[in-house]
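[1] how does the following fold in three dimensions:
(chains A and B)
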Number of protein chains: 2
Amino acid sequence: MIQKYSFENSIPTDSVVMDIPVSTKMPEYLTVVKEEKHIIYHMKRQDIVYGLGEATRGINKRGYIYSSNCSDECSHTEEKQSLYGAHNVLFVKGKRNFGLFVDTSQRVTFDIGYTDMDQLLIRVENGGFDLYLVEGESLDEIVAEFRGLIGQSYIAPKWAFGYQQSRWGYKSEEDIRNVASQYEQADMPLEAIYLDIDYMERYKDFTINTETFPQFEQLVSDMKEKGIHLVPIIDAGVKIEKGYEVYEEGVEKGYFCKTEDGEYFTAGVWPGKCHFPDFMDKDARIWFGSKYSFLIDKGIDGFWNDMNEPALFYTDKGVKEFFEFADTLRGENLDIDKVFALRDKMEHLSNNEEDYRSFYHKLNGKMICHDQVHNLYGYFMTRAAREAFDLLYPDREILLFSRASCIGSHRYGGIWTGDNCSWWSHLLLNIKMMPSLNMCGYLYTGADIGGFGCNISEELMIRWIQFGVFTPLFRNHSALGTREQELYRFKNQDVMRNILKLRYSLIPYLYSEYLKAAFQNTMLFRPLAFAYPEDAHCEQVEDELLLGESLLLAPVYEQNARGRYVYLPEKMLCIKYRSLTDMEQTVYEKGHHYIKAGLEECIFFIRPNRLLVLGNEANRTTELKEEAYQVIGFEAEEAVYELWNGYVVKNGLRKPKKKCYTL
Amino acid sequence: MIQKYSFENSIPTDSVVMDIPVSTKMPEYLTVVKEEKHIIYHMKRQDIVYGLGEATRGINKRGYIYSSNCSDECSHTEEKQSLYGAHNVLFVKGKRNFGLFVDTSQRVTFDIGYTDMDQLLIRVENGGFDLYLVEGESLDEIVAEFRGLIGQSYIAPKWAFGYQQSRWGYKSEEDIRNVASQYEQADMPLEAIYLDIDYMERYKDFTINTETFPQFEQLVSDMKEKGIHLVPIIDAGVKIEKGYEVYEEGVEKGYFCKTEDGEYFTAGVWPGKCHFPDFMDKDARIWFGSKYSFLIDKGIDGFWNDMNEPALFYTDKGVKEFFEFADTLRGENLDIDKVFALRDKMEHLSNNEEDYRSFYHKLNGKMICHDQVHNLYGYFMTRAAREAFDLLYPDREILLFSRASCIGSHRYGGIWTGDNCSWWSHLLLNIKMMPSLNMCGYLYTGADIGGFGCNISEELMIRWIQFGVFTPLFRNHSALGTREQELYRFKNQDVMRNILKLRYSLIPYLYSEYLKAAFQNTMLFRPLAFAYPEDAHCEQVEDELLLGESLLLAPVYEQNARGRYVYLPEKMLCIKYRSLTDMEQTVYEKGHHYIKAGLEECIFFIRPNRLLVLGNEANRTTELKEEAYQVIGFEAEEAVYELWNGYVVKNGLRKPKKKCYTL
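    Sure, this is the predicted structure:
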């Protein structure tokens, strides 16, 4: 049951799609201090707190303090309170189960037993908000109710479940063709190659660098012929440059954010000085969205929206202040205070709070300061693109995901989890984030496999793809200057290849469970405690996940580990996958086990009386042939698996196609 | 057996205390490429590589690349290749066990299966080196031989095994007195309070800020009366200030490092511009060492040497270049390249390689560039202090530990592991570093308990002290601006107090095992595989340690965990400690176990036929009374524990005092 409480919420977020009447009676276990905008819940010792989507630390968020403030955060270390998304929802499991969603465009702080170990304190920092309280029997039920409230999740095209290769550093057509042919030569599947900022002419949105990509359309079509999609990046900032169409149009029509004085707001990003489309303004959204046609009409059918927190490298004002401050230090004996102050000034050049307070959006005819809608900016950029796709290409499935997000944007596209590192701890973070993201409606999601920053080791890459095979977005991505990590570059190519082949074999099940999660408002990845609420030990398990109805995942995420502890809440069948023709099957009883897993072995588990439909060997999703699918299961003589293998659109409504499998 | 191979090593490190004849015959499993200074070993799949002392990642160092380059590194993330110490020793466990020590003052790279998963490649970057190959049956034996080669480890005074409180932020006598009285009021043990940089007059070594510490000697003596030692910090850099005695003397006598032109080298650190004592010069060492008397004569009997990599915040040259570069950007449209270049310039203001190449030391009458002896600087600062203590105060036990180090300095003092963070992963790193540090001779060592940077949660503090009770250096330390973390500030004071009481109860055993490790060249903390070489699973265990002859540690290091998996290589007695009067004892069989551990429960294990001598309740080490000691053990009717409870000095030789205990 959902109850809504309203606290002078004046800025519509469109996060919610249902109209719920406002209640006034608050249950006694929640205290709302209206003046201070505090929501307080006294946690019992055994309470678990789930939620917050894209955030650091555990699946159980208890024990730290978080803030929803979409941030261009390149270092996902444990102390960080905000990443790129604003996902203001918590689910408490305890004697009483409930969910709390704070619907606001503004910053919210979640102090989950950090200041006081026993207290959950939610603080809305500014402005009004709506509070939704979702009560129910089970967490599954509560999450499903919440997901109904926020609307159906985005469904990605099936090809986007294939393996994808990206790198900031592909500079030319040759680079792209080379990646494709290297994968081909290595007999490794590949479904997409990403175009990071270098495909553009000096980082200008909706342009092509014709020097390095002289035959862009030919490239797109050659790749498409091989079954490889090209996915270009689109940044939020639009370069200020005379004669550049997007800039000129935006200026002429008034589609960019403005300062208090009515000037267009300027800040530096990749191309240098930019203006920023006012995605809060419907006309600007329609306009910006229509620009994607420049690429779609060249054969492109997938995009990733980036830098849309928005990231601001600097403003003129910041640079001026920096130089002025620096000038005061010239010739000085720089002691501790001065050195730190200079460093601080430099650090605050980027993504500065003051800059976020210095520009404005047009919202329903009113000017509204950016800091009040900061968390909506990336969301509304995603929306701009999707609404244009729906309008202009109603029959095309176009992939779209974003870095910044806010609940609501899950209806328009996916997200990736931003600039992580080639750290073992970030593989584990990837694992822990998946169910939290699902709770918020983000189903098409995943991390930069292998890590974006820092240099990867071969072992980390192997272990990471052994988990990545299970995430909908399965993209290898890395930063300029780091060790190259395309899978064909490593010594153990056989191991890499076999894992990629497993991916394709898993796609029938993965895509099917994805569709179920989207249509039924359920989670693809679930913490064990969601499925086994009576099993107290499940609440302790932070490194295993349920994937759909049949699988339990227990990835290896530690350097030099050749096995791991696995807790099984019931008897299960362990698949020790080495290759499509070498899958060892062993039944384990309910309880704690240490299970060996050599570097080349990807382990996962099938629940009793459930089935896994495995696809044939394939290097593209299009090579998957239903007649060649196989079924695995145990103690499942009566079991039926309903494979959702796509959907049909009738009268604008999508209906899944289903097929039943038995052992 | 130790063999020495010499490759034109011209700079003495004094890391080694034994004179080993030079061999020429290299065993066939090692390849030395003389021209490139490469040492290559082809690793078998099962080989484990231990060593490297203070370094990131696992106990088993395989799978990453490290560099020995003493660094002022404030972010101990996984990709870091160097921390503060240069500990050039590896121990390989495989079909053949051996150790390799590269004795050089210069940088060495250890590529342990990073570039090629199967290859160990050691690369000496510059200059000559001596290579010591230690062969033997067991790793214990090999480490002991190596430790004999590098000489007996420093023995800290017994009081330094008590609990110690520190924080960068204690600004005055009142602050210090307040910390002492708060611990007293909370009935929490406390043996030392640290004085970070604020006790000095504007960060000048061997001065007191008489405004904030007007009665320093009185403070020292009042604290001593309470059984609390004050431990001031000493930084490497000496402020340039007319009339400041240390500066004036150093300049007059030529004791500071010089540039090529014969000017004194200048760089900025805490006090602003400083000169740097030339610790490579014996006369300068004697001089600087004698300066500690300023504090010792005021009653001080412990020091921590800091910033001695040496950290350099900036040089005039760097600042000039920075400003010049910044000037070229004035008024420019800062695009990606320019913004990154400016950030880069700022970042490289500090601890710049070029600066390290721009000054010189006097070594045996010759001028030698700093970059050739960089890794010895902190080591020789520690040595300066210790040699002065031995000379001037032969009968006093003075605590000394350092941030920077190089093998050899372990004879003169301990180290702490530098500026970690309040991260759960750094608690785990603390656990993993301990045995590696012990291998290199660092016995008096530990991390900043609770984490130096970032804000701690109460739960992390509880779990961290539950491990910290076992480390010789048991110091709570944190940085300015972070959440205050003195133990009396938290809600669960009972839990904190009971853990501190456990520490004092453990001191008899801990100090005894410490003395054994120092006198017998053994390790206080050992990976399980050292003690159970035939048990293949032990090689996989990265989160348990043996402590001395009787204990196995399995600390809880995960947020919200209320238990953990423990592998026992033999039957053991689990102590679930809640308080001195509430210790649950359970025997577990050899094998894998999930053992519950509530937040207030500190678990550890006693090996069969071994004994643990537990001291009485105490708030100071001086309150420990042998007549009140108790003995715990199981299946140990015949067992004898030899308690080493101190040592006597006769004819300059130290002899341990021993006493036998039985069940």
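
[2] contacting residues around residue A:10?
    Counting by Cβ atoms under 8 Å, 6 or more residues apart in numbering or on different chains, residue A:10 makes contact with A:127, A:128. No exception for glycine: its C-beta is placed from N, CA and C like everyone else's.

[3] and what of residue A:417?
    A:54, A:83, A:84, A:430, A:433, A:437, A:445, A:446, A:447, A:448.

[4] could you report the pLDDT at the last one?
    So that's residue A:448. The model reports residue A:448 with a pLDDT of 98.

[5] identify the residue nearest it in space, chain neighbours excluded?
    Once flanking residues are discounted, residue A:448 sits nearest to residue A:477: 4.0 Å by Cβ to Cβ, 6 or more residues apart in numbering or on different chains.

[6] ok so, going back, which of the contacts of residue A:417 fall within helices?
    Members of the contacts of residue A:417 lying in helices (criterion: DSSP state H): A:430, A:433, A:437.

[7] among these, which are in reach of chain B?
    For chain B, no contacts are drawn from the ones in helices among the contacts of residue A:417 by Cβ under 8 Å from any Cβ of the partner chain.

[8] by mean pLDDT, flag the weakest helix or strand of chain A.
    When each helix and strand of chain A is scored by mean pLDDT, DSSP states H and E, helix A:336-347 comes last, with a mean of 87.

[9] quick one, it and helix B:336-347 angle?
    On the basis of axes from the mean of the first three to the mean of the last three Cα atoms, to 10 degrees, helix A:336-347 is oriented at 160 degrees to helix B:336-347.

[10] please name every helix or strand in contact with the helix ranked longest in chain A.
    Ranked by number of residues, the top helix in chain A under DSSP H is helix A:493-520. Secondary-structure packing of helix A:493-520 (3 or more Cβ pairs under 8 Å, 6 or more residues apart in numbering or on different chains; DSSP states H and E): helix A:458-468, strand A:572-579, strand A:611-614, strand A:640-650, strand A:653-662.

[11] columns mean neighbour count, distance to chain B and mean pLDDT on top of those, output as CSV?
    Output for those, formatted as CSV (neighbours: other Cβ atoms under 10 Å in any protein chain shown; distance: least, Cβ to the nearest Cβ, whole Å; pLDDT from 0 to 100):
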stretch, mean neighbour count, distance to chain B, mean pLDDT
helix A:458-468, 24, 5, 98
strand A:572-579, 20, 16, 98
strand A:611-614, 23, 27, 98
strand A:640-650, 15, 32, 96
strand A:653-662, 13, 36, 95
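
[12] okay if I get the ones you listed as CSV plus distance to residue A:58?
    Formatted as CSV, these follow (distance: least, Cβ to Cβ, whole Å):
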stretch, distance to residue A:58
helix A:458-468, 17
strand A:572-579, 23
strand A:611-614, 28
strand A:640-650, 31
strand A:653-662, 34
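
[13] can you say which of those is nearest to residue B:473?
    The closest of the helices and strands packed on helix A:493-520 to residue B:473 is helix A:458-468. By Cβ to Cβ, the value is 31.9 Å.

[14] show me what the closest one packs onto, helices and strands only.
    Looks like helix A:458-468 contacts helix A:424-439, strand A:448-449, helix A:493-520 (3+ Cβ pairs under 8 Å, 6+ apart).

[15] buried ones in the helix or strand encompassing residue A:31, by neighbour count?
    Following DSSP states H and E, one finds residue A:31 within strand A:30-33. Across strand A:30-33, burial judged by 16 or more other Cβ atoms under 10 Å in any protein chain shown covers residue A:30.

[16] ok now that strand, how far from the chain's centre?
    Put simply, strand A:30-33 sits 32 Å off its chain's centre (Cα atoms, centre = their mean, to the nearest Å).

[17] spell out which parts of the stretch 551-663 of chain A neighbour chain B.
    Counting by Cβ under 8 Å from any Cβ, the stretch 551-663 of chain A comes close to chain B at A:558, A:559, A:560, A:561, A:562, A:563, A:565, A:567, A:592, A:593, A:594.

[18] of those, just say which sits nearest to residue B:491.
    Distance ranking of those against residue B:491, using Cβ to Cβ, places residue A:567 first at 30.4 Å.

[19] report the beta-bridge partners for that closest one.
    residue A:592 (DSSP bridges).

[20] and it, how many neighbours does it have?
    Residue A:567 has 20 neighbours, counted by other Cβ atoms under 10 Å in any protein chain shown.

[21] swap in residue A:119?
    The number of residues near residue A:119, taken as other Cβ under 10 Å, comes to 14.

[22] what does the one 10 residues further on give?
    As a burial measure, the neighbour count of residue A:129 was computed by other Cβ under 10 Å and equals 25.

[23] so what's the closest residue to residue A:87 other than its chain neighbours up against?
    In space, and not counting its chain neighbours, residue A:87 is closest to residue A:53: 2.8 Å by Cβ to Cβ, 6+ apart. By Cβ under 8 Å, 6+ apart, the residues touching residue A:53 are A:85, A:87, A:89, A:407, A:433, A:436, A:437, A:439, A:440, A:442.

[24] which pair in these spans the largest distance?
    Using Cβ to Cβ, the two most remote members of these are A:407 and A:433, lying 15.2 Å apart.

[25] ok so, going back, just the buried ones from the residues of the stretch 551-663 of chain A next to chain B?
    Using 16+ other Cβ under 10 Å, the buried ones in those are A:558, A:559, A:560, A:561, A:562, A:563, A:565, A:567, A:593.

[26] nearest residue to residue A:369 in space, please, no chain neighbours.
    Closest residue to residue A:369 apart from its sequence neighbours, by Cβ to Cβ, 6+ apart: residue A:360 at 5.8 Å.

[27] beta partners of the one you found?
    Beta bridges link residue A:360 to residue A:258, residue A:369 when assigned by DSSP bridges.

[28] which parts of the stretch 1-150 of chain A are strands?
    In the stretch 1-150 of chain A, the strands defined using DSSP state E, counting those that start in this stretch lie at A:2-7, A:30-33, A:38-42, A:48-51, A:64-68, A:85-86, A:89-93, A:98-103, A:108-112, A:119-124, A:129-135.

[29] now do the same contact list for the residue of the stretch 451-600 of chain A found nearest chain B.
    Taking Cβ to the nearest Cβ, chain B has its nearest neighbour within the stretch 451-600 of chain A at residue A:454, 4.1 Å off. Counting by Cβ under 8 Å, 6+ apart, residue A:454 makes contact with A:421, A:422, A:423, A:482, B:78, B:79.

[30] show me how far stretch A:279-294 is from its chain's centre.
    22 Å.
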